[in-house]
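Q: All I have is the shape, not the residue letters:
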């Protein structure tokens, strides 16, 4: 079996390059971890935003319902007034008719 050895210079150069590669990889990992933390914060913010938008949509729907009810009140009053006027006119006509028959 043949044994091969490397010189101290070659080993030192190899070790130096490996350490530099480790440092580059560690920097890249640090950047990735920082970005992942930012993404996690963004996801949490989007969840809160979505909940707020849903609450706002529900509130708008409730306000829309209340507005329709408020807008309906004058219409109901008008319909009641018209019904009373018609009832009064019909009553007056019937009274006039009965009164004409009696005399």
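A: Okay, I see it. Bear in mind the structure is a predicted one, so any value in this text is a computation, not a measurement. Numbers count the residues shown, from 1 in each chain.
Q: Secondary structure element for the residue most central in space within the chain, which one?
A: Closest to where the C-alpha atoms of the chain average out (C-alpha atoms, centre = their mean) is residue 53, at 2.8 Å. For residue 53, the host element (DSSP states H and E) is helix 8-102.
Q: Find out how far that helix is from the centre of the chain, if you would.
A: Helix 8-102 has its C-alpha centroid displaced from the chain centroid by 4 Å (C-alpha atoms, centre = their mean, to the nearest Å).
Q: Check stretch 5-24 too.
A: With C-alpha atoms, centre = their mean, you get 56 Å for stretch 5-24.
Q: now the chain, which segments are flagged as low pLDDT?
A: Across the chain, the ranges flagged by pLDDT under 70 are 1-2, 103.
Q: can you do 90?
A: 1-6, 69-82, 91-103 (pLDDT under 90).
Q: How many residues are close by residue 42?
A: 10 (other C-beta atoms under 10 Å). All C-beta atoms are positioned from the backbone trio N, CA, C, and that covers glycine.
Q: and if you look at residue 52?
A: Neighbour tally, residue 52, other C-beta under 10 Å: 10.
Q: before we move on, what about the one 4 residues further on?
A: Other residues near residue 56 come to 10 when the count uses other C-beta under 10 Å.
Q: other SSEs contacting the helix holding residue 53?
A: On a contact count with 3 or more C-beta pairs under 8 Å, 6 or more residues apart in numbering; DSSP states H and E, helix 8-102 meets no helix or strand.
Q: follow-up on the earlier one: if I look at the residue nearest to the centre of the chain, how far off is residue 16?
A: From residue 53 across to residue 16, the span is 55 Å (C-beta to C-beta, to the nearest Å).
Q: again, but for residue 97
A: Taking C-beta to C-beta, one finds residue 97 at 120 Å from residue 16.
Q: which residues are contacting stretch 30-40?
A: The contact list for stretch 30-40 (C-beta atoms under 8 Å, 6 or more residues apart in numbering) is empty.
Q: do the same with stretch 13-21
A: Against stretch 13-21 from outside (C-beta under 8 Å, 6+ apart): residue 6.
Q: rerun that using 10 Å as the cut-off
A: 6-7 (C-beta atoms under 10 Å, 6 or more residues apart in numbering).
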